Every structure is written in C-alpha cells, then in structure tokens.
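Novice: with the input below, show me the fold.
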Amino acid sequence: MQIATRLRLSTMMFLEFFIWGAWFVTMGTFLLTNLHTSATQVGMAFLAQSIGAILAPFIIGLIADRFFSAQYILGWLHLLGSVLLWNASTAANFDSFYPAILIYMILFMPTLALVNSISFRQMKNPGKEFPPIRVLGTMGWIIAGFTIGWLNWEQGGQLDLTFKMAAIASALLGLFSFTLPATPPVKKGAKTTIADILGLDALRLLKNQSYLLFFISSIAICIPLSFYYNFTNPFLNEIGMAAAAGKQSLGQVSELLFMILMPLFFVRLGVKKMLAVGMLAWIFRYILFAFGDTAANYWMLIVGIVLHGICYDFFFVTGQIYTDNLAGERFKSAAQGLITLATYGVGMLIGSLISGLVVDKWQTPTGNHDWSFIWLIPATIAGVVTFLFLLFFKDQNKKNKPNAAGLPIQEEYAGSITTT
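Specialist: Numbers count the residues shown, from 1 in each chain. Presented below is the predicted three-dimensional model:
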C-alpha cells in the first residue's frame, strides 16, 4: 500500500472514532445530570445506536455495494450528521434530544462498515495491514476522552460541548471523505434483486456453521457490553472518580497497545482463542467494577477500564477480519454491515433495554445505585455466553502451515462462504 493511501485511511479512522468517542462515552451522564432523565431513558438513547446498526446492512447493500462509491456516501453521511449532533447539543429535554440522536445514529452506524470496507478494498493482506490503520481510530477515541477530562466538562456541567466538538469533527470528516481512495461499487451494472436491495447477500455467510455460531455469539456477548457503554461513565461519576471520561480513555490506550500486537496474536492464537480471550476479559472487567471503589480498591476500577483493550480488539477487530476473509470480494461491504447488525444492532439493542431497567431497579432511596449488584448481572451473562462459545464453536476454515521457524501459523480464511 502506498504511504499516501495509508495516511488518508489512517486520518479517516482517526476522525471516525474521535467523533464517536467525543459524545458517546458521556451521553449517559449528560442525560442523567443535564436533562434529568431516568436510567431507562438513557437505555433508550443508547438503543438508537442499535436501530442504526440494524438498518446499516440495508443501507450498505442498497448503496455502497451497487450504486455509489463508498467514500462519497461516507462524506454525505458525516456532513448530515454534523448538523444533527449540533441540534442534539441544544436540546432542552429528552423529547427534543431523542429524535436528533436517533436520526444521527441511523446515519452514523453505516459509516462504521464503510470505513472498514474502504480500508479493506485497498489491502492485499488485511490481517497484517488493517490493525496499524485501525489503531488510529483508537487514538481518536483516546484524544476525545482526554480532551473532555482536561477541560473538566463533566464536573462543570458542560457536556453539551461534547456534541458540538463531535459536530465540528463530523463536518471535517465529511469534507475529507471526498479525497479518500476511490472505492466504487463492486456490483455496479449487475442485475438488481431483492436480496441486493436489502443487503441480504451477506446472509450467505450464515450457511457456514462456524460463522453462524460466531454471529450468534456476537449478538449474545453484546448484551452485557451495553452495560459498559451505557453506564460506566455515570457509575464512575456517581462514586466520585474525578475526570472519569479521561480515565476511561485508558481503555483505549490499552486498545491501542493490543491493536499493535494483534498481528502477532492473530497468527499465534487463531480466531477461536482470540474471541474467547476477549469474552473472558469482559467477565473479569465486570467483577472488578462490582467490587471496586475510589478508596482502597481504586485499582480495580483502573484495571477494569484497561481490560477494554483486550475486550474490544480480541473480539471486535478479530471478528471484522474473520468476516472480511470469509465474505469474498463481492460481499465485503454487505458482510461488514452484517456483523455491525449482530453486535451494535441486535445484541446491544437487547442490552440497552435490559441495562436501563436493571439500573433503575437497583436505584437506592438516596438516588444512588447498588452498583455492586448491577455489575454482577453482565458478568454472569458474559460468563454463560463464553462457556457456550467454548463448548460449541469450531473454526472449520482454519488451516495451518509451518512458518520460517517451523511453527504452525494461521492462514487467512479463504474457504467458500457456503462451506459447512
């Protein structure tokens, strides 16, 4: 890959995740403290992400794989998104906030698949080339979190500024997207079918029994993940952690480190072990949150946050590479939309509904929450999912061959998407 192309893709990733991290981490605190909502309403706001993720494969299948170049779609979605984020920052109550964030997430979630698709289309070996580019996205999220903590927007009651900051960055990425490498639709001119229009081509991946189990596991493990995304920042602020958003960025620092090391882990461990390690990290993180505090057990909170790197990289990034390798050239965009549907869509939709109800249920008479009991619930769910995954998942597309040192390494998944 040419250096100029690598730099443009890296900048794209940086801005994509800076935008998301700029407002997403602290939205729960913003809603609870600035707009005085319930935890159930917080769950409803995060559920907007899931609705966007569910619609993403249809948008990608209809547009990016068939009619328009992916970089142009990415640009227009972010330009429209910048207006909606600015409107969300001026909302006076939940009723005016929710429509803006709902429409925004319907536009934003397809961009997660688009940036992956644009990147993968420029690569010959995604397993090696993708992590160094994706790591810039992690840097974007880190810098967004540190900025919020440094400017003291949480304690100062100024979290509306997070949405304004994200709106400006979204406008920048929208304009920058038009300079990205050309990523024309791979099925342009082909006969249109209902499956094409709805982005259902990628469903052929589910004929592969290994991938079907991965898909189901992705849905299930994202139910407890919703607890982390939706309520970690309110939890840390409630128990008195200063600059909580900045501290949470340590999770992305860890993500950055493991992203750099991912090619080594991917080769040595393979898909099943990578995914399993990510799931196990979720269990330990929630247990640490359940028993951590801002006094003697402060270290538990920090370790729980730092584990995010393993949680995210070993499961999500591995899953994206696994999906891309199985999809084949014609279905790459739709396949990325499919895994987005499973994780951020169906799984986190269920999780958002459950997490808000759980947090409201265990609110104390003083207005605080029984966080120890709350965090043990996602820990239990993650434990059950991990056990079943280890019991039933078999990577039937794995092939091994010796490397130069005579050790077995993981080949790319070149098997047919219809293999069972």
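Novice: need the strands for the stretch 251-400 of the chain, in chain order.
Specialist: In the stretch 251-400 of the chain, the segments counted as strands under DSSP state E, counting those that start in this stretch are 400-402.
Novice: where in it is pLDDT low?
Specialist: Within the stretch 251-400 of the chain, the stretches with pLDDT under 70 are 328-333, 337, 395-400.
Novice: swap in 90 and give it another go.
Specialist: Within the stretch 251-400 of the chain, the segments meeting pLDDT under 90 span 251-276, 278, 308-349, 363-368, 388-400.
Novice: show me where it has helices.
Specialist: Secondary structure of the stretch 251-400 of the chain (DSSP state H, counting those that start in this stretch): helices at 298-306, 308-312, 318-327, 332-340, 348-361, 371-392.
Novice: residues contacting the second one, please?
Specialist: In this case it means helix 308-312. Under the contact criterion CB atoms under 8 Å, 6 or more residues apart in numbering, helix 308-312 has outside partners 225, 228, 251-259, 277-278, 281-282, 285. C-beta here means a position set from N, CA and C on the backbone, and glycine is covered the same way.
Novice: in TSV, list the helices of the stretch 251-400 of the chain along with distance to Ala245.
Specialist: Converted to TSV, these look like this (distance: least, CB to CB, whole Å):
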stretch	distance to Ala245
helix 298-306	11
helix 308-312	13
helix 318-327	26
helix 332-340	25
helix 348-361	19
helix 371-392	18
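Novice: closest to His78 out of those helices?
Specialist: Of all the helices of the stretch 251-400 of the chain, helix 332-340 sits nearest to His78, with 16.5 Å by CB to CB.
Novice: deepest of the helices of the stretch 251-400 of the chain, which one?
Specialist: Compared across the helices of the stretch 251-400 of the chain, helix 332-340 shows the largest average neighbour count, a mean of 30 (mean count of other CB atoms under 10 Å).
Novice: give me the helices and strands touching the helix or strand encompassing Phe163, please.
Specialist: Per DSSP states H and E: Phe163 is located in helix 160-177. Here helix 160-177 touches helix 3-24, helix 70-89, helix 126-150, going by 3 or more CB pairs under 8 Å, 6 or more residues apart in numbering; DSSP states H and E.
Novice: please name the nearest non-neighbouring residue to the residue positioned nearest the centre of the chain.
Specialist: By CA atoms, centre = their mean, the chain has its centre lying nearest to Tyr344, at 6.6 Å. Ranked by CB to CB, 6 or more residues apart in numbering and with sequence neighbours excluded, the top spatial neighbour of Tyr344 is Ala53, at 3.7 Å.
Novice: again, but for Leu213
Specialist: Leaving aside its chain neighbours, Leu213 sits nearest to Phe393 (4.9 Å; criterion: CB to CB, 6+ apart).
Novice: residue contacts, that neighbour?
Specialist: Going by CB under 8 Å, 6+ apart, Phe393 touches 210, 213-214, 217, 272, 275.
Novice: tell me the one among those nearest to Leu77.
Specialist: The closest of those to Leu77 turns out to be Phe214 (CB to CB; 27.5 Å).
Novice: from Ile381, how far out is the closest one?
Specialist: 18 Å (CB to CB, to the nearest Å).
Novice: ok, now Asp160?
Specialist: Asp160 is 33 Å from Ile381, by CB to CB.
Novice: sec struct for Ile221, please.
Specialist: What DSSP: H, G, I helix; E, B strand; the rest coil gives for Ile221 is helix.
Novice: quick one: residues contacting it.
Specialist: 279, 282, 315, 347, 382, 385-386, 389.
Novice: what about 10 Å?
Specialist: Counting by CB atoms under 10 Å, 6 or more residues apart in numbering, Ile221 touches 275, 278-279, 282, 311, 315-316, 342-343, 347, 351, 381-382, 385-386, 389.
Novice: with Glu238 instead?
Specialist: Shown in contact with Glu238 (CB under 10 Å, 6+ apart): 29, 32-33, 231, 244, 367-369, 371.
Novice: and it, its phi and psi?
Specialist: Dihedral angles of Glu238 (phi, psi; degrees, to the nearest 10) stand at phi -70, psi -40.
Novice: and what of the one 3 residues further on?
Specialist: Dihedral angles of Met241 (phi, psi; degrees, to the nearest 10) stand at phi -80, psi 120.
Novice: need the nearest residue in space to it, chain neighbours excluded.
Specialist: In space, and not counting its chain neighbours, Met241 is closest to Thr294: 5.7 Å by CB to CB, 6+ apart.
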